[in-house]
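>>> my questions are about this predicted structure, shown below with the sequence.
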Amino acid sequence: MARPVWSGVITFGLVTVPVRMYSATEDHTTHFHQLQRGTDDRVRNKRVNERTGKDVGYDDIVKGYEISDGEYVTVEPEELQDIAPGKSQVIDVSGFVAADEVDPVHYVRAYYLSPGGEQYHRPYELLRAALATTGRTGIATFVMHGKEYLVALRAGEDVLALHTLHWADEIRDPREELPELPEHERTGSRELRTAQQLVESMSTTFRPQDYRDTYEERVRALIEAKAKGERITPEEGPPEATNVVDLSEALNRSIERARARGGGRGGGTARRGGTGRSGARSGSRGAGRSGSRGAGRSGAGAGRAGDGSRAGTRAGSRERPREGRRKSAPKKTSAGRGGPPLEELSKDELYRRATDRGVKGRSRMTREQLAEALGASKKAA
């Protein structure tokens, strides 16, 4: 059972709802210790007075703000608490906005809120239901661990979720920060219509459990291989940038490939253990439900635009010179499935299937070797 990271009350109008706050996410990153090279000796970080070189105890450390070179103003923890009396225990809702008004760039971290006790279940549920039925998000501020946060209060299917937000002055303006940005694409251009059609052909439903951290899997595979004295084959480099001259051809081929694969797909089909916990399902289903109506309407409009462009795409494909076409060699079919040929699958997908089939030596195989090994395993079966 998780432990609350904060407890207090939500206030909106004259209503006060006691709540407890829990972290909604956890880190699955592999953590390393620092060792001195050539030994198994740990490297430790110490708090040292830079002038005397002596260790400093935690209780003897205070916060200091440099106001000029070498001159500091020191601040005690109690002084920071004194300047925010009462606010440290209150999530003060100042108003409710449409959920899509909050740009995702503002979101920082997610938390779940639970009622502060059984006697507060009804006001808690009334607030959750009101947010869910109106499609609104509460905007509030509160203080935690000596820092004030701007937060968004949202309704999940069963739970209230709180998201910390960046303040306005923390968001960078891309027009000022980026060295260059292209002009907006001309509405109605052939390339734009084809790109819209590609987006529609790859449309899918977001299922978080279909995606996995493949880099983290490679890190763990590297550790396992080194522990056994084995070696890992380096991954292939990133694909080359699309040539502007070949952009239309690349878009059309991408559409054909997406259709062959049956539309949009997730980043993998393997599910990470633990993603099916009730809390995670509650938050994701609720968030999906509140935003799906608008997405459905915009998707329908885009679909009509895409349908209108298919004729132009087909006409464009007929204009290609016949001598440029080649007969494709027989392709390996997806092992035991009616999906795309093995040679069209990414290395990540091939590695996942090789793992499912228990192919030995897969961690050292290239993409082509994985496809051959899967084809051989299918024949053997």
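Structure received.

>>> who's in contact with the helix or strand hosting Val19?
Secondary structure from DSSP states H and E places Val19 in strand 15-23. Applying C-beta atoms under 8 Å, 6 or more residues apart in numbering, the external contacts of strand 15-23 come out as 2-11, 91, 109, 111-117, 120, 123-124, 127, 160, 162. Using the backbone N, CA and C atoms, a C-beta is placed for each residue, glycine as well.

>>> then it to CSV, C-alphas only?
Listed in CSV are the C-alpha atoms of strand 15-23, where the atom choice follows Å, rounded to 0.1, in the frame of the first residue of the first chain:
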residue,chain,number,x,y,z
VAL,A,15,-16.8,23.7,0.2
THR,A,16,-13.8,21.9,1.9
VAL,A,17,-12.8,18.3,1.1
PRO,A,18,-10.0,16.7,3.1
VAL,A,19,-7.8,14.6,0.9
ARG,A,20,-4.5,12.6,0.9
MET,A,21,-2.1,12.7,-2.1
TYR,A,22,-0.2,9.8,-3.6
SER,A,23,2.3,9.6,-6.4
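
>>> what pairs with that strand, parallel or antiparallel?
Strand 15-23 has these partner strands in its sheet, going by DSSP bridges: strand 6-12 (antiparallel), strand 107-115 (antiparallel).

>>> what is the mean pLDDT for the first one?
Going back to what we said before, that points to strand 6-12. When the per-residue pLDDT values of strand 6-12 are averaged, the result is 93.

>>> before we move on, what about the longest one?
pLDDT averaged over strand 107-115 equals 96, rounded to a whole number.

>>> now do stretch 356-375
Per-residue pLDDT over stretch 356-375 has a mean of 79.

>>> who touches it?
Outside stretch 356-375, the residues within contact range by C-beta under 8 Å, 6+ apart are 221, 225, 230-233, 236, 270, 332, 335, 342-343, 345-347, 350-351, 353-355, 377.

>>> rerun that using 7 Å as the cut-off
If you take C-beta atoms under 7 Å, 6 or more residues apart in numbering as the criterion, stretch 356-375 is touched by 221, 225, 231-233, 236, 332, 335, 342-343, 347, 350-351, 353-355, 377.

>>> select only the buried ones of those in PyMOL?
Selection of buried members from the contacts of stretch 356-375 for PyMOL, criterion 16 or more other C-beta atoms under 10 Å:
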select buried, resi 221+332+335+342+343+347+350+351+353+354+377
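
>>> ok so, going back, dump the strands paired with strand 15-23 into TSV; add distance to Thr141 as well.
Converted to TSV, those look like this (distance: least, C-beta to C-beta, whole Å):
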stretch	distance to Thr141
strand 6-12	11
strand 107-115	14
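
>>> hmm, back to that, what are the buried residues along the strand holding Val19?
Buried residues in strand 15-23, counted by 16+ other C-beta under 10 Å: 17-22.

>>> the contacts of stretch 356-375 in helices, which ones?
Residues from the contacts of stretch 356-375 lying in helices, with DSSP state H as the criterion: 221, 225, 347, 350-351, 353-355, 377.

>>> all strands for this structure, in order.
Listed in chain order, the strands found in the chain under DSSP state E are 6-12, 15-23, 63-68, 71-75, 90-98, 107-115, 136-144, 147-155, 160-165.
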